[in-house]
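Visitor: this is a predicted model, with the sequence first.
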Amino acid sequence: MRRRLALLLLTVSVGAAQAVPVAVDVGHYLERPGATSAYGVAEFEYNQSLAAVLAARLVADGVPVRLIGWRGEMADLRERPRQAEAAGAGFFLSIHHDSVQESQLEPWVWSGRALRHADGFAGYSLYVSRLNPHFDESLACARAIGAALSEAGLPIATHHAASAPGLGLEWADVQRGVYYYDTLVVLKAATVPAVLLEAGVIVNRDEERQLAGAERRTLTAAAVARGLRDCGVTGR
């Protein structure tokens, strides 16, 4: 079913020649699927599922979409923005789900499996690179998406800030959950405005249950679509 959806979205994006596509990048790939959730699910599966819901929402709004890394084969990070450029995309959005530092994970057993969780961390975050040639537009859209997510009632993840024992990142906009992360390849190598979204913390057992559900995915997709409208990427 996922493959049929991907083909449908790609067909729509090719047919909607009058509008500029949005590139929706599925973070990670099958050989390196990202973080492992509290319930033992690979991050890539969450990224793929949310990307499908977001892409469907954008297409329903008349926005053509170019899905990137959908099949989990794309190990070359620089190829992702290259594909967006080749598709004529006007914006690049990379979809991810968050974890924490190794030292912050606690062991637990679920369904006979030894797993790890970190229930004290939750929320979304957004990242922009000051090395992107369209940094101002990237930041404006990250702020707009963050504002929409916050207004939808979602919390902001603060554990990657410089004052926290995480990645030690500088805030670009603390009220909207936006960080500077200059060295992220998919952001700095993009030739169009680019933002990376961490949709939530999958090592938090309660939040993971939400992130796995249709309600949270639909809510997130609607907020992202609104943010893209508000910053002028898509039609109002």
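Guide: Alright, I've got the coordinates.
Visitor: pretty sure Leu131 contacts Asp182?
Guide: Yes. At 5.3 Å, Leu131 counts as touching Asp182 under the criterion of CB atoms under 8 Å. Placement of C-beta: from N, CA and C, glycine included.
Visitor: quick check: neighbours shared by these two?
Guide: By CB atoms under 8 Å, 6 or more residues apart in numbering, Leu131 and Asp182 have these common neighbours: Lys188.
Visitor: what helix or strand is the residue nearest the centre of the chain located in?
Guide: With distances taken as CA atoms, centre = their mean, Ile95 lies nearest the centre of the chain, 2.2 Å away. According to DSSP states H and E, Ile95 maps onto strand 91-98.
Visitor: and that strand, what does it pack against?
Guide: Under the contact criterion of 3 or more CB pairs under 8 Å, 6 or more residues apart in numbering; DSSP states H and E, strand 91-98 touches strand 22-26, helix 43-60, helix 79-86, helix 185-188, strand 194-201, helix 214-230.
Visitor: for the record, mean pLDDT for stretch 168-175?
Guide: The predicted model gives stretch 168-175 an average pLDDT of 96.
Visitor: for that stretch, what is the distance to the chain centroid?
Guide: Relative to its parent chain, stretch 168-175 has a centroid offset of 17 Å by CA atoms, centre = their mean, to the nearest Å.
Visitor: got it, and stretch 87-101?
Guide: 4 Å.
Visitor: looking at it, Ala147 is touching Leu228, isn't it?
Guide: No. Taking contacts as CB under 8 Å, Ala147 lies outside contact range of Leu228: 11.9 Å.
Visitor: looking at these two, which one has more neighbours?
Guide: Leu228 (25 against 20; other CB atoms under 10 Å).
Visitor: got the contact list for the more buried one?
Guide: By CB under 8 Å, 6+ apart, the neighbours of Leu228 are Val22, Leu58, Val63, Phe91, Leu93, Cys141, Ala144, Ile145, Thr234.
Visitor: what's the closest of those residues to His159?
Guide: Using CB to CB, Ile145 is the member of these that lies nearest His159, at 19.4 Å.
Visitor: so what's the closest one closest to, chain neighbours aside?
Guide: Of all residues not flanking Ile145 in the chain, Gly227 sits nearest, at 3.2 Å (CB to CB, 6 or more residues apart in numbering).
Visitor: surely the one you found and Ala152 touch.
Guide: No. Counting by CB under 8 Å, Gly227 stays clear of Ala152, with 10.1 Å between them.
Visitor: who has more neighbours out of those two?
Guide: Neighbour count, other CB under 10 Å: between Gly227 and Ala152, Gly227 has more, with 27 against 15.
Visitor: find me the pLDDT at the more buried one, would you?
Guide: So, for Gly227, pLDDT stands at 98.
Visitor: got the contact list for it?
Guide: Applying CB under 8 Å, 6+ apart, the residues near Gly227 are Cys141, Ala144, Ile145, Gly146, Ala147, Ala148, Leu149.
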